[in-house]
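Asker: Okay, predicted coordinates and the sequence, questions at the end:
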Amino acid sequence: MTQGEVINFVRKALEQMTSSGYNVLMEGREQTLNYIRTPHRFEVILPNMALIGQRRAAQLVGARALDQIRCKGGGGEPGSEVDVHAEIREALKALVGT
């Protein structure tokens, strides 16, 4: 999917939601959001740009761990906190290749 296709999809979805009375908060890359016209724009500035990469890494690890929990029949509801920690460790190992 190209960036143009994503932007067109987002524009249509935003039109539908706002015309239905919803307030919509979007987050994303500046290069993409610049194509979404709105008078209500703000930018979050992080004091340490490394946080963006750390946040993305945490999202990837969390998503992979949740997928594994669901595959094991938990339906997204793990049996215990220990299960979650184990899946997070395994997801991290898989993503870094160790």
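Answerer: In hand now; what should we look at?
Asker: Residues contacting the worst-scoring helix or strand of the chain on mean pLDDT, please?
Answerer: Counting by mean pLDDT, DSSP states H and E, the chain has its least confident helix or strand at helix 30-33, which shows a mean of 80. By Cβ atoms under 8 Å, 6 or more residues apart in numbering, the list of residues contacting helix 30-33 from outside reads Q3, V6, I7, M26, E27, R41, E43. Every C-beta, even on glycine, is put in place using the N, C-alpha and C of the backbone.
Asker: Just the closest of those to R55, please.
Answerer: Distance to R55, by Cβ to Cβ, is smallest for E27 among the contacts of helix 30-33, at 10.8 Å.
Asker: Report the separation between that closest one and Q54.
Answerer: Taking Cβ to Cβ, to the nearest Å as the measure, E27 falls 16 Å from Q54.
Asker: And those two? Which one has more around it.
Answerer: Q54 (10 against 6; other Cβ atoms under 10 Å).
Asker: dump the residue contacts of A65.
Answerer: The contact partners of A65, taken as Cβ under 8 Å, 6+ apart, are V84, E87, I88, E90, A91.
Asker: which SSE is it in?
Answerer: helix 50-69 (DSSP states H and E).
Asker: What of D83?
Answerer: helix 81-96.
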